[in-house]
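> here is a sequence with its predicted model. Questions after.
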Amino acid sequence: MVFTKEEIKARKKISDAKYYQKNKEKLQAQNRIYNELNKEKMAIAKQKWAENNRDKCKEAVKKCRAKCMKSTFKAKWKHRGVIWKDDDEFNSIWERYITTTHCDNCNVQFKAEPTQMLKKCLDHCHDSGKFRQILCCHCNLKVFKNH
């Protein structure tokens, strides 16, 4: 039976995956040893790849920052007493926070590099923990004093 190049590639891929599963620990140990012995060589190759793939690197950094920012805000809001039922509710709050460009109370536009009073704040009820709206810091302080 004669196989096409694509079929040979597919069969090899399956065979390699089976081999890797059988010999996973052995291969990982070999990789650790190789990486330890070739640190400088790998660092140079990594640097060359980054220079040749600047756009991919920038995109990866951008994704990482966005993910870190989301988890940081989630922890910060939770610490401050904001409560949400599940991840879907948190994601909807997050999307609203990210896309909001103006204060829900005074309609002032948030700046890209905000001053302290033009910073976005997540307003929530301090009794129930429920999210209410996105405010500028100035309006958030007013609301807090009134409650």
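Great, that's in hand.
> show me the shaky parts of this structure.
Across the chain, the ranges flagged by pLDDT under 70 are 114-117, 144-147.
> got the CA positions of the host helix or strand of Glu40 in PDB?
Glu40 belongs to helix 39-52 when assigned by DSSP states H and E. C-alpha atoms of helix 39-52 as PDB (Å, rounded to 0.1, in the frame of the first residue of the first chain):
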ATOM      1  CA  LYS A  39      21.500  27.500  28.300                       C
ATOM      2  CA  GLU A  40      23.600  30.100  26.500                       C
ATOM      3  CA  LYS A  41      22.900  28.600  23.000                       C
ATOM      4  CA  MET A  42      19.200  28.600  23.800                       C
ATOM      5  CA  ALA A  43      19.200  32.100  25.100                       C
ATOM      6  CA  ILE A  44      20.900  33.300  21.900                       C
ATOM      7  CA  ALA A  45      18.400  31.400  19.700                       C
ATOM      8  CA  LYS A  46      15.500  32.800  21.800                       C
ATOM      9  CA  GLN A  47      16.800  36.400  21.400                       C
ATOM     10  CA  LYS A  48      17.200  35.900  17.600                       C
ATOM     11  CA  TRP A  49      13.700  34.500  17.400                       C
ATOM     12  CA  ALA A  50      12.300  37.500  19.300                       C
ATOM     13  CA  GLU A  51      14.100  39.900  17.000                       C
ATOM     14  CA  ASN A  52      12.700  38.200  14.000                       C
END
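> buried residues in the next helix or strand after that helix?
The helix or strand immediately downstream of helix 39-52 is helix 54-79, counting by DSSP H and E. Residues 73-74, 77 are the ones in helix 54-79 that count as buried (16 or more other CB atoms under 10 Å). C-betas here are computed from N, CA, C, even on glycine.
> tell me which of the residues you listed is nearest to Lys22?
Set against Lys22, the nearest of the buried residues of helix 54-79 by CB to CB is Lys74 (40.3 Å).
> show me where the protein has its helices.
In the chain, the helices defined using DSSP state H lie at 5-22, 24-37, 39-52, 54-79, 87-99, 137-146.
> helix 54-79 and the helix holding Glu40, what's the angle between them?
100 degrees (axes from the mean of the first three to the mean of the last three CA atoms, to 10 degrees).
> same list, the buried residues of helix 54-79, but as a markdown table with distance to Asn52 please.
Listed next are the buried residues of helix 54-79 as a markdown table, based on distance: CB to CB, whole Å:
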| residue | distance to Asn52 |
| --- | --- |
| Phe73 | 34 |
| Lys74 | 35 |
| Trp77 | 40 |
